[in-house]
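Chemist: below is the sequence, then the predicted model.
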Amino acid sequence: MALKITLKPGEKIIVGGAVIKNGKTGANFLVENNVPFLRQKDIMTEKEANTPCRRIYLAIQLMYIDGGNLAAHHNTYWNLVRDLIKAAPSTLAFVDRISDLILNNQYYQALKFAKKLTGYEEEAIRHVRSSAGNL
C-alpha cells in the first residue's frame with residue numbers, strides 16, 4: 001500500500017537517505033515501496049544534537065536512514081546510553097524500551113520513543129533551572 005505524503009512549501013523530507021526539499025508550492029507524492037523516510041519536524045541535525053538525549057535521538061535517526069553504517073551507529077548509541085544511565089538513572093525505563101526496539105530492528109518506533117526521552121530531558125532541565133532560580 002502506498003504512503004501519501006503532502007509537503008508544505010519549502011519543507012524537507014528524507015527518503016531513503018536522500019534529503020529532498022520542496023519548492024515554493026505544496027506537493028503531494030506517493031511512496032510505493034518500503035523505504036525509510038522522515039519529515040522535517042522529525043529530522044535532527046548534528047548542530048541540534050546538543051544534549052545527551054538529543055545525541056541518542058540522532059544516533060537512532062542515523063540507524064534508520066543510514067543502514068550502510070549500522071554497526072558504527074549502534075556503537076555510538078550504546079556508548080551514549082551507557083553514559084546517560086550513569087548520569088541519570090531515571091532514564092533507564094526509556095532506554096530499556098528504546099534498546100528493545102533497536103534490537104528488534106524497529107528503528108522508526110525507537111525514534112518515536114526517543115522523542116519522548118528528549119521531552120523528558122527538556123522537562124528535567126526546566127525543573128533544575130526553575131529550582132536553581134528559587135535559591
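Modeler: Cool, the structure landed.
Chemist: just the helices in the protein please.
Modeler: 52-65, 70-87, 92-103, 107-133 (DSSP state H).
Chemist: the longest one to helix 70-87, inter-axis angle?
Modeler: Computed with axes from the mean of the first three to the mean of the last three Cα atoms, to 10 degrees, the direction of helix 107-133 lies at 30 degrees from that of helix 70-87.
Chemist: what's the answer for the shortest one, then?
Modeler: Using the same axes, to 10 degrees, the inter-axis angle of helix 92-103 relative to helix 70-87 is 170 degrees.
Chemist: so which of the helices of the chain is the most packed in?
Modeler: Of these, the one with the most neighbours on average (mean count of other Cβ atoms under 10 Å) is helix 52-65, at a mean of 23. (Glycine included, C-beta is placed from N, CA and C.)
Chemist: what's the angle from that helix to helix 107-133?
Modeler: 170 degrees.
Chemist: what about helix 52-65, distance to the chain center?
Modeler: Taking the mean of its C-alpha atoms, helix 52-65 sits 5 Å from the chain's own mean (Cα atoms, centre = their mean, to the nearest Å).
Chemist: ok, residues contacting that helix?
Modeler: 14, 16-17, 36, 38, 42-44, 46, 48-49, 69-70, 73-74, 76-77, 80-81, 83-84, 87-88, 91, 98, 102, 107-108, 110-111, 114-115, 117-118, 120-121 (Cβ atoms under 8 Å, 6 or more residues apart in numbering).
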